[in-house]
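Student: Below: sequence and its predicted model.
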Amino acid sequence: MQKNRQMIDCKILSNKKILNTEKYFMLELEWKNANKIFLPGQFVEIEISKSLDTILRKPFTVFDATKNSIKIIYKVLGKGTRLLSYQKKADFLNIIGPLGNFYNTKILDAKNDKKENNFQNIFIIGAGTGAANIHFLIKNIINFEQNNNDNYYYYLILGFKSKNDIFCLKEIFELKRRIADLKKVENFQIFITTDDGSFDNGKKGYVTDFFGKFENKLKSEKSLIFMCGPKIVIKKWYEKMLKLNVNNSIENLGDFKNPKIKNKSKDFKKENKVLGLERSAKKFDFRVTESFKMFASFEEYMACGLGVCNGCVIKVKDQKNKEKFKYKKVCECGTIFDLEEILWD
Ligand SMILES: Cc1cc2nc3c(=O)[nH]c(=O)nc-3n(C[C@H](O)[C@H](O)[C@H](O)COP(=O)(O)OP(=O)(O)OC[C@H]3O[C@@H](n4cnc5c(N)ncnc54)[C@H](O)[C@@H]3O)c2cc1C
Ligand code: FES
């Protein structure tokens, strides 16, 4: 169990709808020294009501943590979130947190281990309510950059259904202002996509549509990728990364048309696509995992959120026996995983 995990009755400082719709709300809860307790990527479990049909606590990412409070942005989906939206300022909610692991931004600290960390680009990608998980991370990285002279290039890619779903626009502008203050504008680029193209300052499409734009960069320079969004979107980006790096290695070897390689890869066809790509990379000893590193947060449906019910398991590779797999609880061992570990369905 996490050392600093607490269960407390938190006073609601505010619970306001955002974007003038009844769809998205920002909940601010009193929590002393939250900025010292919570780390980017962590979540809390909220007890919304004691009635039988909503008795299970609901998990929410910490959107922001300050000296006196935590902020959560939530989308009203079902009964639990609807009831949460009725809660008023000065009411109390019972909360358990912080839960889960966090985005390991220490990896950016070149002073840690120069050899391990020779990343040039940091991609931070959030899709849908997954963008709530990413905001705190970006804020943390800006703090890190304030005291750092390593010239990383950051590409922040956030995707939403439409302009009416960009629940964190105000905060994105605030982050932009802080980046400008840092005088590192050229090191940070922010891209916003909407599925329907309704946001004028953004592009039409999904976050994964941006892959092509960065293909050359991802091919030639080492990148660290942090991501949160629907599982299918995470898988798509990872799959593209693997494919790009396997092809790149084949091209570099000059063996692209070598029939031996083609034949060797046919037994991988039986396997799922991602595993096949990984195995072929390993078999031919392509240093795929050295050309990028990708961590993603999996917001699986959770029941207890505390490692008790096994309701949130995810398949991972058994490192001791490559032929086998095992399950890990997302709430306890995640929500953030190194994608090399995941066994995709
Ligand atoms: C670690 C974690 C962090 C989260 N952070 C946020 C956040 O910051 N903001 C936010 O708006 N939501 C977040 N969620 C999702 C949020 O917990 C659910 O939307 C909420 O529990 C729905 O409760 P409900 O009673 O309103 O709806 P329910 O009646 O429980 O569900 C309504 C619909 O939403 C679907 N649903 C519920 N939970 C999930 C899920 N985890 N993944 C996919 N579909 C789901 C159900 O299948 C159902 O179709 C997070 C989930 C997890 C696991
Ligand atoms: S939700 Fe119960 S073990 Fe993860």
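Tutor: On my side now, so go ahead. Ligands and ions are numbered 1, 2, ... in the order given.
Student: close enough to count as contact, residue 122 and residue 224?
Tutor: Yes - the criterion here is CB atoms under 8 Å, and residue 122 meets it with residue 224 at 5.1 Å. Every residue, glycine included, has its C-beta placed from N, CA and C.
Student: overlap in contacts of these two?
Tutor: Residues touching both residue 122 and residue 224 (CB atoms under 8 Å, 6 or more residues apart in numbering) are residue 108.
Student: what comes up buried for the helix or strand hosting residue 80?
Tutor: Assigning secondary structure by DSSP states H and E places residue 80 in helix 79-85. Across helix 79-85, burial judged by 16 or more other CB atoms under 10 Å covers 80-81, 83-85.
Student: Any stretches of the stretch 1-150 of the chain with poor pLDDT?
Tutor: Within the stretch 1-150 of the chain, the stretches with pLDDT under 70 are 1-2, 52, 110-117.
Student: Tell me where it has helices.
Tutor: 34-37, 79-85, 130-146 (DSSP state H, counting those that start in this stretch).
Student: Ligand 2 is nearest to which of these?
Tutor: Ligand 2 lies closest, by CB to the nearest ligand atom, to one member of these: helix 79-85, at 14.6 Å.
Student: So which elements touch that closest one?
Tutor: Helix 79-85 is packed against strand 6-18, strand 24-30, strand 58-61, strand 69-75, with contacts defined by 3 or more CB pairs under 8 Å, 6 or more residues apart in numbering; DSSP states H and E.
Student: Could you look up the SS state of residue 156?
Tutor: Taken by DSSP: H, G, I helix; E, B strand; the rest coil, the conformation at residue 156 corresponds to strand.
Student: Thought residue 190 was touching it, still the case?
Tutor: Yes - between residue 156 and residue 190 there is a contact under CB under 8 Å: 4.6 Å.
Student: higher neighbour count, these two?
Tutor: residue 156 (25 against 18; other CB atoms under 10 Å).
Student: separation between the more buried one and residue 176?
Tutor: Applying CB to CB, to the nearest Å, the value for residue 156 to residue 176 is 10 Å.
Student: any common contacting residues for these two?
Tutor: residue 190.
Student: Setting the sequence-adjacent residues aside, check what's closest to residue 67.
Tutor: Closest residue to residue 67 apart from its sequence neighbours, by CB to CB, 6 or more residues apart in numbering: residue 35 at 5.6 Å.
Student: I figured that neighbour was touching residue 66, is that so?
Tutor: Yes - applying CB under 8 Å as the test, residue 35 and residue 66 come out as touching, 5.6 Å apart.
Student: Which one of the helices and strands packed on helix 79-85 lies nearest to residue 245?
Tutor: strand 58-61 (29.6 Å; CB to CB).
Student: can you pull the contacts of residue 316?
Tutor: Residue 316 touches 325-328, 337, 341-343, counting by CB under 8 Å, 6+ apart.
Student: the domain parsing of the protein - what is it?
Tutor: 6-99, 117-297, 298-345 (automatic domain parsing).
Student: Any regions of the stretch 201-345 of the chain where pLDDT drops low?
Tutor: Ranges of the stretch 201-345 of the chain meeting pLDDT under 70: 246-290.
Student: Which residues of it lie near ligand 1?
Tutor: 299-302, 335 (CB under 6 Å from any ligand atom).
Student: so which of the residues you listed comes closest to ligand 2?
Tutor: Distances from ligand 2 to these, taken by CB to the nearest ligand atom, are shortest for residue 302, at 3.8 Å.
Student: wait, what's in contact with the closest one?
Tutor: Going by CB under 8 Å, 6+ apart, the list of residues near residue 302 reads 59, 311-312, 330-331.
Student: Repeat that for residue 151.
Tutor: residue 187.
Student: Relative to residue 120, how far out is it?
Tutor: Residue 151 is 9 Å from residue 120, by CB to CB.
Student: which ones are touching residue 143?
Tutor: Per CB under 8 Å, 6+ apart, neighbours of residue 143: none.
Student: What about the closest residue to residue 222 other than its chain neighbours, how many residues nearby?
Tutor: Of all residues not flanking residue 222 in the chain, residue 119 sits nearest, at 5.1 Å (CB to CB, 6+ apart). Residue 119 has 20 neighbouring residues, counting by other CB under 10 Å.
Student: sorry, back to before: from the buried residues of helix 79-85, which is closest to residue 235?
Tutor: residue 81 (26.0 Å).
Student: And the nearest residue to that closest one once chain neighbours are set aside, how far from residue 12?
Tutor: Among residues not flanking residue 81 along the chain, residue 74 sits closest, at 5.6 Å (CB to CB, 6+ apart). Separation of residue 74 from residue 12 (CB to CB): 13 Å.
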